[in-house]
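> need coordinates for the below:
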Amino acid sequence: MATEIKRSLYIGLGGTGMSTLLSTKRFFVETYGEVPPMIGFLGIDADRDFFTNTTIDSKNGKIKLTPNEFCPIIVQNALPNFKKYKNQYYDWLPPENVNSLAGLAGDGCGQVRSNGRFSFFHRFNDIEQHIQRQLVNITDATHTDNPKYAVINGGKIDIHMIFSLSGGTGCGIFLDLAYLLKEIQQNLNINAYAVLPDVFDAFLAGPAKRLIYPNAYGALVDLDYLMHIRVGEKNFPINYPNGKTINIDEPPFRTVVLIDNKNKNGDTY
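Model (predicted):
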């Protein structure tokens with residue numbers, strides 16, 4: 001009897017999301033001996049080293065992301081690009097964060113939310129193409145004839161987006177990405193899994209802790225506001241550098257799961 005599986009795309013943002021993505025891929029490989037064809041993975045990060053150097057062990061061997069499963073959002077010459085287009089596309093970027101753009105060259109976003117969002121804007125086309133490629137792969141009609149797996153849930157596709165609210169990459173791009181997904185395809189169930197700052201407060205030390213709570217606070221304020229939009233009630237157009245405009249007129253996610261490091265008994269992990 002064929003195993004029933006939903007069409008699903010797992011998207012990991014930033015370091016936390018990428019690590020979780022690898023573990024999720026390992027679970028599939030160890031369970032089925034392979035990644036079922038209706039399952040897709042996409043990691044989006046501004047740190048080039050994570051993709052090239054990071055693997056995890058499994059009973060089936062080393063697990064890593066393939067080139068099609070990773071979309072780098074590294075930005076070269078970010079400051080000149082900002083100065084050229086700041087009045088067209090980047091008027092949302094706080095003036096006090098402009099100098100931080102100089103660090104966007106492959107080593108992550110430096111825990112600066114606006115760096116993450118700037119990277120998203122700059123690499124918008126690449127992100128869109130990677131998503132489209134993954135959606136085409138997991139909806140290929142030949143999967144319905146696979147004797148090992150049966151597709152369930154009709155034509156709906158589950159999107160599982162994993163990220164931290166404490167850093168720069170995931171925290172800076174998760175909302176824009178949700179609305180891009182809605183623009184690309186309508187029949188998506190988009191679910192968010194956001195790791196809260198207490199998790200990082202438990203093991204980070206020194207200056208690395210400086211922005212984890214401010215980042216999470218800012219992201220949660222934005223998220224709370226957008227999750228309470230009634231469909232058609234508001235209309236916020238966002239203009240991206242490729243000439244595309246996305247209108248924000250509905251909540252970004254079907255569900256949001258906030259993850260901390262405590263259980264129901266108050267035990268801290």
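> okay, and the helix or strand of this structure with the least pLDDT?
Across the helices and strands of the chain, mean pLDDT, DSSP states H and E gives its lowest value to helix 48-53, namely a mean of 72.
> residues contacting that helix, please?
Residues from elsewhere that reach helix 48-53 (C-beta atoms under 8 Å, 6 or more residues apart in numbering): 15, 18, 43, 45, 65, 70, 72, 74, 106, 107. From N, CA and C alone the C-beta is placed, and that goes for glycine too.
> after that helix, which helix or strand is next? Please name it.
strand 56-58 (DSSP states H and E).
> pLDDT of stretch 159-167, averaged?
Taken as a whole, stretch 159-167 has a mean pLDDT of 95.
> buried residues in that stretch?
For stretch 159-167, the neighbour count (16 or more other C-beta atoms under 10 Å) marks 159, 160, 161, 162, 163, 164, 165, 166, 167 as buried.
> need the strands for the stretch 51-200 of the chain, in chain order.
For the stretch 51-200 of the chain, the strands defined by DSSP state E, counting those that start in this stretch occupy 56-58, 61-63, 70-72, 149-152, 157-164, 188-195.
> can you tell me which of the buried residues of stretch 159-167 is nearest residue 99?
Using C-beta to C-beta, residue 167 is the member of the buried residues of stretch 159-167 that lies nearest residue 99, at 18.5 Å.
> need the winner for burial among the strands of the stretch 51-200 of the chain.
Greatest average neighbour count among the strands of the stretch 51-200 of the chain goes to strand 157-164 (a mean of 24), per mean count of other C-beta atoms under 10 Å.
> tell me the angle that one makes with strand 188-195.
20 degrees (axes from the mean of the first three to the mean of the last three C-alpha atoms, to 10 degrees).
> listing partners with orientation, what would you give for strand 157-164?
Partner strands for strand 157-164, per DSSP bridges, with pairing direction: strand 8-13 (parallel), strand 188-195 (parallel).
> isn't residue 88 up against residue 240?
No: contact criterion C-beta atoms under 8 Å: residue 88 and residue 240 do not qualify, at 10.1 Å.
> out of those two, which sits in the busier spot?
The residue with more neighbours, out of residue 88 and residue 240, is residue 240; 17 against 9, by other C-beta atoms under 10 Å.
> tell me the buried residues in the strand or helix carrying residue 22?
Per DSSP H and E: residue 22 is located in helix 14-32. By neighbour count on 16+ other C-beta under 10 Å, the buried set for helix 14-32 is 14-22, 24-26, 28-29.
> check stretch 86-98 too.
Residues of stretch 86-98 classed as buried: 89, 90, 93, 98 (neighbour count, 16+ other C-beta under 10 Å).
> which ones among these lie within helices?
Among the buried residues of stretch 86-98, no member falls in helices (criterion: DSSP state H).
> tell me how far residue 122 lies from residue 86.
Noted for residue 122: a distance of 13 Å to residue 86, by C-beta to C-beta, to the nearest Å.
> now the helices for the protein?
Under DSSP H, the chain gives helices at 14-32, 48-53, 78-85, 113-122, 124-138, 169-184, 197-201, 212-227.
> lowest mean pLDDT across those, which one is that?
helix 48-53 (a mean of 72).
> using PDB, write out every CA atom in it.
Only the C-alpha atoms of helix 48-53 are listed here, as PDB (Å, rounded to 0.1, in the frame of the first residue of the first chain):
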ATOM      1  CA  ARG A  48      27.800  31.500   2.000                       C
ATOM      2  CA  ASP A  49      29.800  29.300   4.300                       C
ATOM      3  CA  PHE A  50      26.700  27.500   5.700                       C
ATOM      4  CA  PHE A  51      25.800  26.000   2.400                       C
ATOM      5  CA  THR A  52      29.300  25.100   1.300                       C
ATOM      6  CA  ASN A  53      30.600  23.700   4.500                       C
END
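> run the chain-centre distance for it.
Chain-centre distance of helix 48-53: 17 Å, with C-alpha atoms, centre = their mean, to the nearest Å.
> swap in stretch 207-224?
Distance, centroid of stretch 207-224 to centroid of chain: 16 Å (C-alpha atoms, centre = their mean).
> list just the nearest of the buried residues of helix 14-32 to residue 55.
residue 22 (7.6 Å).
> not counting residues beside it along the chain, what's closest to that closest one?
residue 56 (4.9 Å; C-beta to C-beta, 6 or more residues apart in numbering).
> this completes my enquiry, with thanks.
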